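In: Sequence first, predicted coordinates after that:
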Amino acid sequence: MLSRAPLSDPFARLLAPPANETPAERQMREEMERAAKLRSDAIDEELKKERNALKSKRVMKLLLLGQSESGKSTTLQFQLAYTPQAFKAERATWRGVIQLNVVRSIRLILDTVVDALDRQNAPSGDDDSSIDHVQLTEEHDRLCRRLTRLRDAEARLMAQISAPAEEGDGFAQRIADKISQDAAQARVDKELAVRANWKQPFQRHHPPGPRSSVDAGDYVDAPTDIINELRQDMATLWTDPDVRELLRRQKIRVEETSGFFLNDLERVTARNYFPTSDDVLRARLKTEGVSEYVFQMEMPQAREHAAEWRIIDVGGARSQRAAWMPFFDDASAIIFLAPISAFDQVLAEDRSVNRLEDSVTLWKQICGNKLLQRLELILFLNKMDILDSKLQSGVRLAKYVRSFGERPNDVENAAKYLRSKFHAIHREYSSRPRKFYCFATSVTDVVQTSGILAAVRDIITRQILVQSRLL
């Protein structure tokens, strides 16, 4: 005799067969239960395969280390080389950043010209030799006054980029109004720094996906209107020979900074402007905190072992370097970025420290760190294009690096000399012998950079395969 399920067990009552079930109904029920079990078993098997795949999945974690402004566009170069469609889909979100780069370059020139005009009109006892023989006129003054409208465009762009994505456009507008009021009489402010998710507000207007340059121009905001209306005045200011001479005398080399687009004003100030891939690589935006980019890449020596690559930019400002340590544990390799074009510049955080000296000191610390002895260190002597331009303009490396001596003041000899210095540190400070990998890199040479990235990929994947005994 069958025992009945206790009334206190609701699940037993629910699963029990109907009391008056016929043989035909029972057969149908049992067939349905068998089919359901087969589906459940198939799902369990699929989940098991996925778990096993995750366990065997190879994750390559590549850390980008270096001082602030050392050239973290390397992350973007990896994106362009290995996930070009995703890279192109996000280009529209960079329009505001590039517009901000243009405005802040002009604002820097404006501040310099306005200061010179004030000194020029001051009593003779306040003469400044830096403006001798530079003839600034009333037309320069009128030009500067017309361009003060750029403050509003700058404030709005900064608000759009830095506003939390969840707050919406109204919040960004309130921030813009406040920034515009505070900056009404101010000089160029401290550089804007944003979080890693800064793209989200722009993606409300430019959703990711394939778009043409015409489509991208359909969205025209207030900053774009202002920039477009003032495009001729900006070009006049930048190309004015007296302004250029003033900048030269005050050693302000706007064209050597990242985010320089003043030679492309006609194109980037158009109402329907859509950034090119090269524009995105040249753009300047300072990020705070940790930025991570993930993509899939085949390992050339073992194609059946696809790898997930995680490229992590941990931030290079001095205040952020203490946060590097936790990322060392499971890193596969380190790319160290040394902006050798900065040999005549100082740190923004500490103007008593030369930027090249800071890179050398940091390289010594990385090479000598015992936690990193098992890792391959890959050195990028970065911003070679800017170094070449600077040396050709007459700036002498030996004035700032005395040990360079009487060597020819050209990019080939400078790069060769600096490479040898970094190599000597690598050899001296590493506690075990390891191969020295060094590449001279430039953002503007996409073809060369693609070859370098392929070489970096092969270095790292070969190391991982050897460690895993797959080679």
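Out: Noted; the coordinates are in hand.
In: which residues in the stretch 51-200 of the chain form strands?
Out: 58-65, 193-194 (DSSP state E, counting those that start in this stretch).
In: Can you lay out these as TSV showing mean neighbour count and mean pLDDT?
Out: For every residue, glycine as well, the C-beta is placed using N, CA and C. Shown next, in TSV, are the strands of the stretch 51-200 of the chain (neighbours: other Cβ atoms under 10 Å; pLDDT from 0 to 100):
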stretch	mean neighbour count	mean pLDDT
strand 58-65	20	81
strand 193-194	16	67
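In: By mean pLDDT, which helix or strand of this structure comes out lowest?
Out: Least confident helix or strand of the chain, by mean pLDDT, DSSP states H and E, is helix 213-216 with a mean of 44.
In: Buried residues, whichever helix or strand comes after that helix. List them.
Out: Once the chain leaves helix 213-216, the next helix or strand it forms, by DSSP states H and E, is helix 222-229. The neighbour-count check on helix 222-229 (16 or more other Cβ atoms under 10 Å) flags 223, 224, 226, 227, 228 as buried.
In: do stretch 76-90 as well
Out: Here stretch 76-90 shows 76, 77, 78, 79, 80, 81, 82, 83, 87, 88, 89, 90 as buried, counting by 16+ other Cβ under 10 Å.
In: Any chance of CSV for the residues you listed, columns distance to residue 324 and pLDDT?
Out: Putting these into CSV (distance: Cβ to Cβ, whole Å; pLDDT from 0 to 100) gives the following:
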residue, distance to residue 324, pLDDT
76, 21, 79
77, 22, 80
78, 20, 79
79, 22, 80
80, 26, 80
81, 25, 78
82, 25, 78
83, 26, 79
87, 27, 84
88, 32, 85
89, 31, 84
90, 27, 85
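In: Could you pick out which of the residues you listed are located in helices?
Out: If you go by DSSP state H, these have 76, 77, 78, 79, 80, 81, 82, 87, 88, 89 in helices.
In: Show me which of those residues is closest to residue 44.
Out: Distances from residue 44 to these, taken as Cβ to Cβ, are shortest for residue 82 (34.6 Å).
In: Tell me where the protein is predicted with low confidence.
Out: Applying pLDDT under 70 to the chain picks out residues 1-16, 50-58, 70-73, 124-132, 163-198, 200-220, 297-307, 316-319, 443-444, 464-471.
In: how is it carved up into domains?
Out: 57-82+287-470, 88-282 (automatic domain parsing).
In: got those domains as JSON lines, with distance to residue 35 columns?
Out: Shown next, in JSON lines, are the domains of the chain (distance: least, Cβ to Cβ, whole Å):
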{"stretch": "domain 57-82+287-470", "distance to residue 35": "33"}
{"stretch": "domain 88-282", "distance to residue 35": "41"}
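In: how about the strands of the stretch 251-400 of the chain, start to end?
Out: With DSSP E, counting those that start in this stretch as the criterion, the stretch 251-400 of the chain has strands spanning 286-287, 291-297, 307-313, 333-339, 376-382.
In: just to revisit the earlier point, closest one to residue 384 among the strands of the stretch 51-200 of the chain?
Out: Across the strands of the stretch 51-200 of the chain, closest to residue 384 is strand 58-65 (Cβ to Cβ), at 17.6 Å.
In: and that closest one, what does it pack onto?
Out: strand 307-313, strand 333-339, helix 446-467 (3 or more Cβ pairs under 8 Å, 6 or more residues apart in numbering; DSSP states H and E).
In: what's the offset of the last one from the middle of its chain?
Out: Between the mean C-alpha point of helix 446-467 and the mean C-alpha point of its chain there is a distance of 20 Å (Cα atoms, centre = their mean, to the nearest Å).
In: Can you dump the C-alpha atoms of it in CSV for me?
Out: Taking C-alpha atoms only, helix 446-467 is exported to CSV below (Å, rounded to 0.1, in the frame of the first residue of the first chain):
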residue,chain,number,x,y,z
VAL,A,446,50.5,53.4,-37.3
VAL,A,447,52.2,50.9,-39.6
GLN,A,448,55.4,50.8,-37.5
THR,A,449,53.4,50.6,-34.3
SER,A,450,51.3,47.6,-35.6
GLY,A,451,54.6,45.7,-36.2
ILE,A,452,55.8,46.6,-32.7
LEU,A,453,52.5,45.4,-31.1
ALA,A,454,52.8,42.1,-33.0
ALA,A,455,56.3,41.7,-31.7
VAL,A,456,55.1,42.4,-28.2
ARG,A,457,52.3,39.9,-28.6
ASP,A,458,54.8,37.2,-29.7
ILE,A,459,57.2,38.0,-26.8
ILE,A,460,54.5,37.6,-24.2
THR,A,461,52.7,34.6,-25.6
ARG,A,462,55.9,32.7,-26.1
GLN,A,463,56.9,33.3,-22.5
ILE,A,464,53.5,32.1,-21.3
LEU,A,465,53.6,29.0,-23.5
VAL,A,466,57.1,28.1,-22.2
GLN,A,467,56.0,28.5,-18.6
